[in-house]
Structure formats: structure tokens, C-alpha cells
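Asks: this is a predicted model, with the sequence first.
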Amino acid sequence: MKYHEMDKKEVVEALNTDLSSGLEGSDVKKRLKQYGKNELDEGEKQSALLLFFSQFKDFMVLVLLAATLLSGFLGEYMDAIAIIAIVVINAFLGFYQERRAEKSLQALKELSAPQVQVLRTGQWIKIPSKEIVPGDVLKFSSGDRIGADVRLVEVNSLEIEESALTGESLPVSKISGSLSGENPGIGDMENMAFMGTMVTRGSGIGVVVGTGMKTAMGQIADLLQNAESMETPLQRRLEQLGKILIVTALILTALVVLVGVLQGHDLYTMFLAGVSLAVAAIPEGLPAIVTVALSLGVQRMIKQKAIVRKLPAVETLGCASVICSDKTGTMTQNEMTVTHLWSGGQTWNVNGVGYEPKGSFYRGEQPVELEKEKALQQMLMFGLLCNHADLIQKKREYVIDGDPTEGALLVAAMKAEYSREQLLNEFKIINEFPFDSTRKMMTVIIQDGNGRQFVVTKGAPDVLIGRSEEILWHDKKRRLNSETTQTVQSAINDLASQALRTIAIGFKEIPAGTIILDEKEAEKGLTFIGLFGMIDPPRPEVKQAVKECKEAGIKTVMITGDHVITAKAIAKQLGILTNQSKVLDGEALSKMSVEELEEVVDDVSVFARVSPEHKLKIVKALQNNGHIVAMTGDGVNDAPAIKAADIGIAMGITGTDVAKEASALVLLDDNFATIKAAIKEGRNIYENIRKFIRYLLASNVGEILVMLFAMLLALPLPLVPIQILWVNLVTDGLPAMALGLDQPEGDVMKRKPRNPKEGVFARGLGWKVVSRGFLIGLVTLLAFIFAYKSNPEHLEYAQTVAFATLVLAQLIHVFDCRSEKSILSRNPFGNKYLVWAVLLSLLMVLVVIYYPPLQPIFHTTAIIPSDWLMIIGLSAIPTFLLAGSFLLRKPK
Ligand code: ATP
């Protein structure tokens, strides 16, 4: 029999599991061994060996190897072996960089892998979905992705969208009973939920019947190619630029060879020099270093509690000009405590600390006797029945499992010594319409011991009052007229203006035996009972973060489902709402077209009482006005806006799988301040990439120019091929990587957001590359000429001096690259990786100059201190000549 045909008991027996306690640890281990991990097979991965050999696929490297082999056959063994050794070391470096890049991308993928709620040894725990085994009992609710194929055993208004499998985008209602029919299609198996499909409404529990490739998804896994590009805009731009650079480098080296030959150098020497130069000057390592810099930056972001799910977001973060953020939980602590209750014109206060269920009720200064306050009792009781939250005691601390708003109601009721168990003895819950942030209400239908049935609804007060016909006024029902409505309104405003979040509660009795299947039917004609006011204090670090964003040219916009006045009060406290900015509510927003919104959106800093659907409109209007928008969200309905935003951000704690999957960035701590930290890191990563692009390209320009100048001036070769290759190895590898690890400049968060369209050479980078490169080439040539003229007999001496000057000029310039302004604007030795990299590079140069066995291989000779004075003097020029102009500039 198939699982969909079995009843619950048969399923449980077939899979040898237990619905009340789940599987035991040892059993899980056995099953994991037997069935394997709950993963879909991925395509073949490139093996390490292949990756290593792919380092040689570069055309110029192949030409160099061929030329070297040739020179080996012609008797130049030493040169040939040394060149091949350098090429191999270079390949290792490239291999290491690419491997590292790949690994960190893989780690990223794993970090953002989905988690599921599973019952193990009697406890609900969260585990990565790959650890699920057949027989596990899973729980899921709106917004979750189903982790494996399950047979449902309990459903609560459960609806699942199965388009990933069936192509049908309308959600399917699920049931828990058994089905007949041997081979129904996936879309017809209403008592099953399948891996990869998405819960759009309600909640459910199911037993895992298939994992990994043994799921419906596994059967079509081959068709599912994750086509999403992980390449960032800059990487794409660099790829194009790379092609131009290769051609330019080839043309220039060809020119060097041509001029050299015309000036009387022999063709073979010039050819080998030319090929080495081409290998050195083509920045083949650039893409890998960019990936490493990006992924190292991403790892730093993880330490700050932000996970980047899509690499391009790292760059876009630096361009963000508006952050649209949810209020509850992101700007506030999401730790709610009921402090006020209102009914029929009377207000009560509750005291107590945090979620500890201890506190007393007061009216004014007077303690109240609960038995005498019927309305108060009813509010607390209904607040507890229309509620899913649980209070858990962890050591001395109390935490809420579930929605904090409901947690607050639970704790308030517990302070009056109500318990859910006791209430559930008195009332049976026969139906429920779950909360959603568009309706802003939740309803349960309950039945008491005498069979009487009641609808109990809680929700946003301004919504609930519209659904009420009567109001409870000192234990008596009154018709709700304009006067009483007005009174309720001012009570709401009064609570909201104290920055309290408000929830109203209402009820109605329905004839016994009535079955209501439609929430609209249930949530009307209610009797309004009263209001809860709860505090949700702002997170302490948010105010500062908002301020820093402002200084960085980034506007913060609060988007909340909460009441306008509550939102205003909190936005003011956080410095988001100022005298110049406006508040817009969901109702006004609904009436506007995107075009109309564009007109005003730049002045709005708070959107209140909005539904998730409004977020998309806000994103569009801001984008049409030229903004780069970061948008946060957590629910299923937030996903379209998160996807449409330039940087979609999902909450790590409260966020649903659907929101996370749509997002580019996940906040592990749900905290607004983390967005700011990520933006700062994003800006820094981009600046670091600019730093090493500048460094590498200026170095290459210098290398080509010194050769070209020398050939034009009919001089001998200033550098022999192996020296050129060694310069490339020494200067390109470690120092460039170290630049990728640089700390941000002090003013990264004081600059305006970057224009996303700006090219690689924007903001003066092109000029810096050309001018520094030109000077590096020039001083190397001068050093060569001085040395050559002083001792024309001894060419190796002049070449060694040129070699040392070229390396040193680059290694001094690398410190200049740390700043957009000048080497003098920050402590040049602040980056310890760079200091070590440079020291190591220097050592590598000194070794080949001074270690006698290496001298013949590298065509070097020991040079004396006075030479070094000249070398140091000349190599400092490219950096300090132009740094001088920084000092002359007037401060702004
Ligand atoms: P944000 O968008 O800043 O996270 P929010 O959490 O206040 O805002 P919603 O969750 O959409 O936004 O809540 C909107 C309103 O719905 C709240 O102001 C409250 O009155 C009401 N509400 C919130 N949670 C519940 C719930 N569990 N049951 C009933 N009503 C609720």
C-alpha cells in the first residue's frame, strides 16, 4: 500500500516511528547510514587536479612553456628549469586562490541551507534539512519550505504551493485523512507534502516518507539547474576589461619585441623576453583575487551576523541609498510586554519584568481585585485562547516560543493566574483562522462545556473596530455608534502615542453546531471588548546606526504594519522621523499609483499600517526615482518586494524560508544595525578591490613601459625573462591579496553611496594607474641607465639594479594604494598582512640577488649599499611625487 492510502496508524507503523516523541538519536544515526543524507545530488565537481591543470590553459602561459622547452633543447637548461619552476609556483598560487574562492562559496551555500523543525526524543528541535531521515516527524507553518516528502498527520488551514513540482501556482488545501486511488498525480495527493514546496498558509505536522533523491523532487532533480549567476557586476566588468587588457598587453609586448629586433637585438632573445613580459603583464590572477576578496569580505560579514546569499549583493550594498526596514523586531527588540489594558472607558496597568509571569494589575494606584473585573478577565482569557505562543523557562530566563505579540498576551494572562491547560478544559477550539499581516487579525472558534460556540478575534484595533457592531461597556453590550467609536479611537491614539503596540479583542456567540469555513464570515458583527497596549522597546544600537547611515548618504525608511501613531512615536525616538519628513499610511498608499507615489516618496520616512503587498509599490517608486533600495522582510508576502529590491534582506530568526530564499542578505540577529554593518563592509570590499586593481595594473604598466622605453632608446634589455617572471610572482601574489584584506578608510561611511553604473576606472583610478605606472617604468629605466652608464661592461649589474628598482617601486606603491587620497592620509603600516607580504616579497628579491647559487639562474649580482641608496630614492618617486600634491591641496 502507498503512504497516501494508509491511515495515520499504518503510516506510523510502516515507518516505525512515534508521533508523540519522534525518533531516538541512535535510530536516527542508523537511518542516516541506511538512507543517506537528505540531499539532492549535485552535478560533478571539478577535481583538484583538473583545477590545477586549468591554470596552464592560458594561451600566453602555454606559449611561454613551449618557448622555454625550446630554449631547454637549445642548451639553456638553467633558464628553462627556472622558468618552468616559476610558472608552476604561479599555477599553485592561482590554484590556491581559486580553491579558496570555491570553498568559501560552498561554505556560504551551506550556511544559508534551510532548517527544519523536527520531533526527536520527545522534543521539537531545529536541524539542517539535510539531516532529516525517513520516519522523522516534521512541523511546518506558513512560509516554510517542506524539507522532505511527508505524509501529513495533522493540518491546520494548511495550504501549500507546489508549483516547483506541478507548475500550478495556486496553493493546494491539504488534509490529513487517507486517500484512495493507486496512482494519483502529485497535485492530487492532498494528504502529502513534498520536498521543496512552500507552505503559504496555516500549519501542519507530517511523517517523513522519503528523503534526498527518493523524493518527488529528487526524481526531477536533473531538470533543476540552479541557473542563478553568482558573478557580480564588477566581475563581469573585469572580465570584459580583462579581454581589453590582454589585447593591449599583447600589442605592447609585440611592439617591444619589434622595436627590440629593429634595434639589433636577436629575435630569439626578444621573443622569450616578449612572451615573459606578456605573461607578467596580463593580470590573469585578477578574477581569482576579486573572488577571494569578495568571499573574505563575506566571511567578515558573517562575523557581523549578516549572511550574503547572492554574491552580487556585496557590491550593491555599497551603492544602497535607501534602507526600507521593518520596525517590529528589526528596529525594536521584539520583546513585548503588556503594560496597559483598556475596556469600556477604564484603563488597567500591569507591572512585571520581561516575560517572567509575575506581576499585578492596578487601576490608577489601586490594586484591582480580578474577580470583580469581568471585562478584564474576559480579555485575558480570550487573549490566551486565541494564541499559539509558549513560555519556556531556560535556567532563570523566560523566553517565548512563537509570536512575541502573542507571548505578551500569554504572560499577561499568566500574571492573572490563567493557564492554557485549564482554559482548554473549559473550552474546545474547533476552528482557527491564522494571523496574516494583510488581514491583521486572527480568529479561533471555541465551544464551551454546554456546547455554546463563540468566535474570538484579536487583531489591529482600527481593523477590528470596523468589524464590530457592539461594544462591551462595563459588562453590558452597547451598540457601537459614532460616539463610542470615537471613544475607542481616542483610547487607541492614547496608547499608541506612548509608543505602545496595540491589539484589540472581540467576540461573538454563534448558534451551536454552526460551521464557519470562511474567515470573512467569522470576523464580522463582533462585540468589541477592549485593547491591550504593549511596549516593545527600540534596540539600543539602532539610533546610532540610523545616524551613521544618514552621514553615509543613506536614508532610513520605517515600514510597519503597526498603528500610525505607534510608528511615529518610535520613528521619532530613533531619529528616523524628523520635522522635514512625512508619514504615509497603508490606506493612502493603496489609493496611489506607483507614479503618484514617486512624487512624494522621497519625503516619506515612515509607512505605517501597511500590508506586505505595499512594499513592492514602495520599492518600485523608490527605484524609479533612481534609488538603490535595500528592503527587509520576513513573511511569505514579503518575498516579491524582497526580490524586486536591489538588496533583498530577510530576517534570520523570524524570517520564513520563502523570504530567505528571495533575499540576497540574511540578518542572523534580525537587527537593523547589522544592515548598516553590512553596508559598511560592502563599501569596504569594493574599495579594497579598487585598491588591488590599481596596484596590479600600475605595476604591469610599469613593467611594460620600462622594456618599451629601453628598446626605443636602443638600450640592452633592462630585465631578462626570468627576472620579469620573478617580479610578477613576487609583487602580484601576496601584496595584492593583502590589499584585499585591508581595513576600511576612516571615512567610508562619510561618503555618498557609490553610483552602481560607475566603471572600474571611475573616480580617478584610471589616472592613478597610468600615472603611477608611467613613473614606475620611468624610474626603473633611470636606475638601469645610471647603472649601465657607470659600468657598461657588466650588464648583469645594471639589470640587477633595474630589477630591484622595479620591485621596490611597486612595493612602496602598494602602501599608497591603501588610500583613495594619498599614502600620507593614513598610517601606511596599518595593514599587518600587507607589511608581512611586502617583507616576504623583499626577502624573495634579496635571496635571488645575494644567494650565490641563485645568481647565475636569475642573472643577478650582489649590489652594494650605495646602489641601494639610489634604488630606494628612485623607487620612492612614483608614490611620493604624487602624494606631495595631496599635501598642497587645501582641505575642504
Ligand atoms: P513590522 O512590519 O514592523 O514587523 P508589525 O509586526 O507590527 O510590523 P504585522 O505583524 O503585520 O506588523 O502586525 C500588524 C498589526 O496586526 C499589529 O499592529 C497588531 O495590531 C496586529 N497583530 C500583530 N500580530 C498579531 C497576532 N498574532 N494576532 C492578532 N493580531 C496581531
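Replies: Yep, that arrived.

Asks: residue ranges with poor pLDDT in this structure?
Replies: Within the chain, the segments meeting pLDDT under 70 span 42-46, 58-60, 74-75, 97, 101, 104-113, 221-231, 284-285, 882-892.

Asks: point out the residues in it that sit beside the ligand.
Replies: Counting by CB under 6 Å from any ligand atom, the positions of the chain adjacent to the ligand are 326-329, 403, 405-406, 435, 437, 440-442, 458-460, 501-503, 560-563. The C-beta positions use only the backbone N, C-alpha and C, and glycine is treated the same way.

Asks: among those, which are in helices?
Replies: Using DSSP state H, the members of the residues of the chain next to the ligand that fall in helices are T405, E406.

Asks: show me the residues of the chain next to the ligand that map onto strands.
Replies: D326, F435, M441, M442, K458, G459, R501, T502, I503 (DSSP state E).

Asks: count the residues that sit near the nearest residue to N16 once chain neighbours are set aside.
Replies: The shortest distance from N16 to any non-neighbouring residue, by CB to CB, 6 or more residues apart in numbering, is to G135 (6.2 Å). The number of residues packed near G135 is 22, by other CB atoms under 10 Å.

Asks: what helix or strand is G135 located in?
Replies: Per DSSP states H and E, G135 falls between elements, in no helix or strand.

Asks: measure whichever residue of the chain sits closest to the ligand to D585 for me?
Replies: Relative to the ligand, the nearest point of the chain is G561 (2.5 Å; CB to the nearest ligand atom). Applying CB to CB, to the nearest Å, the value for G561 to D585 is 11 Å.

Asks: between those two, which one's more packed in?
Replies: Applying other CB under 10 Å to G561 and D585 shows that G561 carries more neighbours, namely 22 against 17.

Asks: hmm, T316 is touching P756, no?
Replies: Yes - if you go by CB atoms under 8 Å, T316 and P756 touch, sitting 6.7 Å apart.

Asks: can you list residues touching both of the two?
Replies: Here T316 and P756 have P233, I628, D646 as joint contacts, going by CB atoms under 8 Å, 6 or more residues apart in numbering.

Asks: buried ones among those?
Replies: Buried members of the shared contacts of T316 and P756, counted by 16 or more other CB atoms under 10 Å: I628, D646.

Asks: the shared contacts of T316 and P756 in helices, which ones?
Replies: Filtering the shared contacts of T316 and P756 for helices - DSSP H - leaves P233.

Asks: so who does the residue of the chain closest to the ligand touch?
Replies: T328, S437, K440, A460, R609, V610, S611.

Asks: again with N431
Replies: N431 touches V444, I445, I515, I516, counting by CB under 8 Å, 6+ apart.

Asks: what about 7 Å?
Replies: The neighbourhood of N431, defined by CB atoms under 7 Å, 6 or more residues apart in numbering, consists of I445, I516.

Asks: tell me where the stretch 1-150 of the chain has strands.
Replies: Remark: strands assigned in the stretch 1-150 of the chain by DSSP state E, counting those that start in this stretch are 115-120, 123-128, 137-141, 149-161.

Asks: can you list those strands in TSV and add distance to G212 and mean neighbour count?
Replies: Below are the strands of the stretch 1-150 of the chain laid out as TSV (distance: least, CB to CB, whole Å; neighbours: other CB atoms under 10 Å):
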stretch	distance to G212	mean neighbour count
strand 115-120	14	20
strand 123-128	13	12
strand 137-141	15	21
strand 149-161	10	22
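
Asks: any idea whether the residue lying farthest from the centre of the chain is helix, strand or coil?
Replies: Residue distances from the centre of the chain (CA atoms, centre = their mean) peak at E793, which lies 62.3 Å from the mean C-alpha position. Here E793 takes the coil state, with states given by DSSP: H, G, I helix; E, B strand; the rest coil.

Asks: can you tell me the closest non-neighbouring residue to T339?
Replies: I535 (5.5 Å).

Asks: hmm, the one you found is touching T337, no?
Replies: Yes - with contact defined as CB atoms under 7 Å, I535 counts as touching T337 (5.5 Å).

Asks: out of these two, which sits in the busier spot?
Replies: Between I535 and T337, counting by other CB under 10 Å, T337 is the more crowded of the two (22 against 17).

Asks: identify the residue nearest K358 in space, chain neighbours excluded?
Replies: G352 (5.6 Å).

Asks: now do the contacts for that neighbour.
Replies: By CB under 7 Å, 6+ apart, G352 lies in contact with K358, G359, K415.

Asks: hang on, it in a strand?
Replies: No - with three-state DSSP as the criterion, G352 is located in coil rather than a strand.

Asks: any idea how far I392 is from it?
Replies: For G352, the distance to I392 equals 17 Å [CB to CB].

Asks: I785 too?
Replies: Look at I785 and I392: by CB to CB, they are 79 Å apart.

Asks: buried stuff in stretch 421-430?
Replies: Within stretch 421-430, the residues that count as buried by 16+ other CB under 10 Å are L423, F427.

Asks: now find how far off-centre that stretch is within its chain.
Replies: Relative to the chain's own centre, stretch 421-430 is displaced by 43 Å; criterion: CA atoms, centre = their mean, to the nearest Å.

Asks: can you get me the start-to-end distance on that stretch?
Replies: One end of stretch 421-430 to the other measures 16 Å (CA to CA, to the nearest Å).

Asks: check stretch 846-857 too.
Replies: The stretch stretch 846-857 measures 14 Å between its terminal residues, going by CA to CA.

Asks: contact partners of that stretch?
Replies: By CB under 7 Å, 6+ apart, the list of residues contacting stretch 846-857 from outside reads M78, A82, I722, W726, T800, A804, F858, T860, T861, A862, I863.

Asks: likewise stretch 765-779?
Replies: Contact partners of stretch 765-779, identified using CB under 7 Å, 6+ apart, comprise 690, 694, 697-699, 701-702, 705-706, 709, 805, 809-810, 813, 874-875, 877-878, 881-882.

Asks: which parts of the stretch 101-250 of the chain are helices?
Replies: Along the stretch 101-250 of the chain, the stretches classed as helices by DSSP state H, counting those that start in this stretch are 163-166, 216-219, 233-262.

Asks: swap in the stretch 551-700 of the chain?
Replies: Going by DSSP H, counting those that start in this stretch, the stretch 551-700 of the chain shows helices at 564-573, 586-591, 594-601, 612-624, 639-644, 657-662, 672-712.

Asks: list the contacts of I653.
Replies: I653 makes contact with D670, according to CB under 7 Å, 6+ apart.

Asks: what does the one 5 residues further on give?
Replies: When contacts are counted by CB under 7 Å, 6+ apart, V658 touches G143, R145, M198, V636, A639.

Asks: of all pairs in those, which one spans the longest distance?
Replies: For the contacts of V658, the farthest-apart pair by CB to CB is R145 and A639; their separation is 11.7 Å.

Asks: so between these two, which is more surrounded?
Replies: Using other CB under 10 Å as the criterion, R145 and A639 rank with A639 on top: 26 against 20.

Asks: give the closest residue to the more buried one in space, chain neighbours not counted.
Replies: Spatially, and ignoring its direct neighbours in sequence, A639 is nearest to A662 (4.1 Å; CB to CB, 6+ apart).

Asks: so the one you found touches A645, yeah?
Replies: No - with contact defined as CB under 7 Å, A662 does not count as touching A645 (9.3 Å).

Asks: who has more neighbours, these two?
Replies: The neighbour count for A662 versus A645, taken as other CB under 10 Å, is higher for A645 (30 against 22).

Asks: distance-wise, check I877 relative to Y788.
Replies: As for I877, its distance to Y788 is 19 Å (criterion: CB to CB).

Asks: nearest residue to the middle of the chain?
Replies: Nearest to the mean C-alpha position of the chain, counting by CA atoms, centre = their mean, stands L665 at 2.0 Å.
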